[in-house]
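> Fold the following and give me the result.
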Amino acid sequence: MKFKVSALIAGIAAIAITAAPTVVQAEPNNSRMGGAELNLTTEQKAQLQQIGQETRSQIESLLTPEQREQLRANASQAPRTGNRQAATAQLNLSDEQISKIQQIRKSSEERMQAVLTAEQLEKIRQFRRK
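Here you go, the predicted model:
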């Protein structure tokens, strides 16, 4: 199974609704990031998926039932429109929710960075500079 580090965090970012840039973005089916091969190991893939699942769960626990329902409805359309931030902006998050989500994302990004090698992180940095 290939792993693209750009969709896992893209999914997290879609849920997180913050403008802060993500360090790693991951998708479970590809290991390319704009042509930069990350060459993730099976263990790295599993760790990144676990972090992503935990992050989504933590963020969803902050949402009201209505916000969770709206998020799921928006997320199902976001891949078609390509605008996940706009889809999640409709959730009308409170300042407290936004602050907590930013904390969760920061922690998640740090955990994901710890899973990657220096070379993988450099490839991500190079890709982001383009």
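> buried ones in whichever strand or helix holds residue 109?
Residue 109 belongs to helix 95-115 when assigned by DSSP states H and E. For helix 95-115, a neighbour-count test (16 or more other C-beta atoms under 10 Å) marks 97, 100-101, 104-105, 108-109, 111-112, 115 as buried. Using the backbone N, CA and C atoms, a C-beta is placed for each residue, glycine as well.
> just these now: which is nearest residue 58?
residue 104 (5.0 Å; C-beta to C-beta).
> Excluding chain neighbours, what is closest to that closest one?
Ranked by C-beta to C-beta, 6 or more residues apart in numbering and with sequence neighbours excluded, the top spatial neighbour of residue 104 is residue 58, at 5.0 Å.
> okay, now the one you found: neighbour count?
Residues lying near residue 58 (other C-beta atoms under 10 Å) number 17.
> Show the model's pLDDT score for it.
Note for residue 58: predicted pLDDT of 96.
> try residue 78
On pLDDT, residue 78 comes in at 58.
> next one: the one 10 residues further on
For residue 88, the model assigns a pLDDT of 67.
> can you give me the end-to-end distance of stretch 38-45?
11 Å (C-alpha to C-alpha, to the nearest Å).
> Can you tell me which helices and strands the helix holding residue 109 packs against?
For helix 95-115, the elements it packs on are helix 5-16, helix 42-62, judged by 3 or more C-beta pairs under 8 Å, 6 or more residues apart in numbering; DSSP states H and E.
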